[in-house]
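Novice: Output the structure for:
(one chain, ligands or ions: 1)
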Amino acid sequence: MARSLLALAKTLCFILHVQSCTCGEAEIIGGKKVKAHSLPHMALLYNSEEEPRCGGTLLSSTWVLTAAHCFKYKIDTVRLGVVTIKNSKTDGFVQARKVARQYQHPCYNADTNIHDLWLLKLSQAVEETTAIKYLPLANTISDPKEGTICMVAGWGLVKVDIKEMSDDLMSADVTVIKRETCNLTKYNNTGYTITSDMVCAGTVEENQVVRDTCQGDSGGPLMCNGEQVGITSFGIGCANRTKPGVYAFLSKQHIDWINGKIKNESYSEECATQ
Ligand code: 4AZ
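Specialist: Okay, the predicted model is just below:
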């Protein structure tokens with residue numbers, strides 16, 4: 001009896017799994033629920049109305065890295081250790097901090113989405129716990145090669161037609177696509193250029209549900225081989241097979257700016273080079 005039940009359960013799992021791979025757009029989009037506290041550097045950013053709007057990464061006890069375009073949401077609070085949005089105000093693992101100061105990358109341009117980086121300095125240090133960890137950046141990050149499988153995570157939209165943040169933190173694997181390809185009209189018909197300071201990544205397999213970041217995931221990390229390589233930045237809609245997501249790349253120039261700011265807040269207030 002137990003064995004036949006197990007067999008039935010396995011068959012059902014198989015059918016459901018196959019279905020989830022063939023039904024088209026599923027639920028980030030096409031992702032899966034993240035195990036509680038398994039991404040302890042993920043930050044959730046709230047506006048002044050206490051609504052969650054963007055993701056981010058906790059670099060150290062007082063610094064969070066996110067996307068410059070999240071500025072438009074009037075972000076003023078950061079929560080760490082969040083599992084579900086609905087429990088984020090009562091969950092004992094969660095630490096909330098106000099944004100004390102903020103710095104957009106001096107060369108950020110909202111028209112071209114270039115240098116979409118934003119650093120938030122928290123009002124008070126966040127403590128490391130089992131649920132919360134700092135993720136310091138590497139000194140240099142090499143350009144991820146075409147075909148590299150990376151992970152994206154966030155509480156952003158899980159379906160393009162439902163304009164509501166996901167209650168659960170979701171993650172998905174996306175594959176790096178080379179800039180040359182991403183700049184072809186088929187992949188990019190908007191006139192935005194994918195520069196060497198950006199990375200584009202999406203779903204390259206023909207027979208799989210499209211996986212992508214979407215609205216609300218912005219500012220969250222693009223993790224490749226366990227290190228942060230980028231920041232969720234923009235896209236032409238979401239989960240469109242030929243319109244991959246675009247990420248701000250943590251290029252040498254970007255890392256230098258981040259590390260410079262963290263060391264000395266008056267570092268580089270003006271855009272020197274594009
Ligand atoms: C957004 O609106 C956004 N598909 C983020 C990522 C992507 C599209 C839009 C990528 O914040």
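Novice: Point me to the residue of the stretch 151-274 of the chain nearest the ligand.
Specialist: Closest to the ligand within the stretch 151-274 of the chain is residue 235: 2.6 Å, counting by CB to the nearest ligand atom. All C-beta spots, glycine's among them, are computed from the backbone N, C-alpha and C.
Novice: Touching, that residue and residue 244? I think so.
Specialist: Yes. Using CB atoms under 8 Å, residue 235 makes contact with residue 244 at a distance of 7.0 Å.
Novice: Find residues that contact each of the two.
Specialist: residue 212 (CB atoms under 8 Å, 6 or more residues apart in numbering).
Novice: Run through the stretch 151-274 of the chain and note the low-pLDDT ranges.
Specialist: For the stretch 151-274 of the chain, the stretches with pLDDT under 70 are 273-274.
Novice: Tabulate the CA atom coordinates of the host helix or strand of residue 258 in PDB.
Specialist: Per DSSP states H and E, residue 258 falls inside helix 252-263. Output of helix 252-263 as PDB, limited to C-alpha atoms (Å, rounded to 0.1, in the frame of the first residue of the first chain):
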ATOM      1  CA  LYS A 252      36.000  47.600 -12.600                       C
ATOM      2  CA  GLN A 253      34.700  51.200 -12.800                       C
ATOM      3  CA  HIS A 254      31.500  50.300 -10.900                       C
ATOM      4  CA  ILE A 255      33.400  48.400  -8.200                       C
ATOM      5  CA  ASP A 256      35.900  51.200  -7.800                       C
ATOM      6  CA  TRP A 257      33.000  53.600  -7.300                       C
ATOM      7  CA  ILE A 258      31.200  51.400  -4.700                       C
ATOM      8  CA  ASN A 259      34.400  50.700  -2.700                       C
ATOM      9  CA  GLY A 260      35.400  54.300  -2.900                       C
ATOM     10  CA  LYS A 261      32.100  55.500  -1.600                       C
ATOM     11  CA  ILE A 262      32.000  53.000   1.200                       C
ATOM     12  CA  LYS A 263      35.400  54.100   2.300                       C
END
